[in-house]
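Trainee: Sequence and predicted structure below; questions after.
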Amino acid sequence: MKNIIIICIALVSFTGFSQGKYESGMEKALGLWGEEKPWEAVNLFERIATAESEEWLPSYYASLVTIIQCFGEKDEAKLTANLDRALNFMNDAKAISKDNPEIILLDALWHTAWVAYDGAQYGMKYGAKVTMMYQEALKLAPNSPRVILNKAEWDMGGAKFFGQPIDPYCKDVEKAMELFADFKPEGKFYPTYGLERAQQIMESSCKK
């Protein structure tokens, strides 16, 4: 009995130590991203993901930051390499967390990076797929402000491309802003971003 108690105490102590390292690592990585050091942040997220194989968030953020850096990239070789790397991170996150609306949004963003690079080629290839992803995410999380916002922005982009009015989607942006006001993340380090982007869209595209 004494040996069992000692083993239990040791396990609890190790878990607490490991969790502490995970939290401090995530805080540092998010801090690097906030300091506009994206690649340093990605590398740290990758190291955390390797050490914490049951946590989906490090791989999620490694993928997210990498994808964001791809927007505006004109060099196809660099774009391909970085999006391939982001895809590997994303697949790691998917393997840990199934049917996760945040990862579905990430997948949609990955495909959107290709569309942003070459709309004529990749819009036809990925457009319907991205639309289906947003519909899937909406079914899983109908009151997620980020799902509603990202879907609205995608719909706006499609409307602009085809010369159609974007006004119908402004109400979705407004709804997302209202939901952000009461939004509570499911856990520490869960994604919370989006409100600032919603405000930018309202100001630039929906202001009357």
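Mentor: That came through, no problem. Residues are numbered from 1 along each chain as shown.

Trainee: Buried residues, the strand or helix carrying Gly157. List them.
Mentor: Here Gly157 sits within helix 145-161, counting by DSSP states H and E. By 16 or more other CB atoms under 10 Å, the buried positions in helix 145-161 come out as 145-158. (Each C-beta comes from the backbone N, C-alpha and C, glycine too.)

Trainee: just the residues you listed now: which is nearest Lys171?
Mentor: Ala152 (8.6 Å; CB to CB).

Trainee: picking up where we left off before, name the surrounding residues that touch the helix holding Gly157.
Mentor: 101-102, 105, 108-109, 112, 119, 123, 127, 130-131, 134-135, 137-138, 141, 164-166, 168-170, 172-173, 175-180, 183, 191, 193-195, 197-198, 201, 205 (CB atoms under 8 Å, 6 or more residues apart in numbering).

Trainee: how much distance is there from it to the middle of the chain?
Mentor: 15 Å (CA atoms, centre = their mean, to the nearest Å).

Trainee: buried stuff in the helix or strand following that helix?
Mentor: Remark: after helix 145-161, the chain's next helix or strand is helix 167-181, criterion DSSP H and E. Using 16+ other CB under 10 Å as the test for burial, helix 167-181 gives Tyr169, Cys170, Asp172, Val173, Glu174, Lys175, Ala176, Met177, Leu179, Phe180.

Trainee: Quick one: distance of helix 167-181 to the chain centre.
Mentor: 19 Å.

Trainee: okay, the angle between that helix and helix 145-161?
Mentor: 160 degrees (axes from the mean of the first three to the mean of the last three CA atoms, to 10 degrees).

Trainee: average pLDDT across the following helix or strand past helix 167-181?
Mentor: Proceeding N to C from helix 167-181, the next assigned helix or strand is helix 195-201, under DSSP H and E. Mean pLDDT, helix 195-201: 94.

Trainee: Quick check: buried residues in helix 195-201?
Mentor: Quick answer for helix 195-201 (16+ other CB under 10 Å): Leu195, Ala198, Ile201.

Trainee: Check what contacts it and list those residues.
Mentor: By CB under 8 Å, 6+ apart, helix 195-201 touches Pro145, Leu149, Ala152, Glu153, Met156, Val173, Ala176, Met177, Phe180.

Trainee: Which of those sits closest to Ile68?
Mentor: Glu153 (13.9 Å).

Trainee: ok, and for stretch 97-108, which residues are buried?
Mentor: Applying 16+ other CB under 10 Å to stretch 97-108 flags Asn100, Pro101, Glu102, Ile103, Ile104, Leu105, Leu106, Asp107, Ala108 as buried.

Trainee: Hmm, the third one is touching Tyr60, no?
Mentor: Yep, that's Glu102 we're talking about. Yes: if you go by CB atoms under 8 Å, Glu102 and Tyr60 touch, sitting 6.7 Å apart.

Trainee: what is in contact with these two at once?
Mentor: Pro191.

Trainee: residues contacting Tyr60?
Mentor: With contacts defined as CB under 8 Å, 6+ apart, Tyr60 is in contact with Phe89, Met90, Ala93, Glu102, Ile103, Leu106, Pro191.

Trainee: Go again with 10 Å.
Mentor: 45, 49, 89-90, 92-94, 96-97, 100, 102-103, 106, 189-191 (CB atoms under 10 Å, 6 or more residues apart in numbering).
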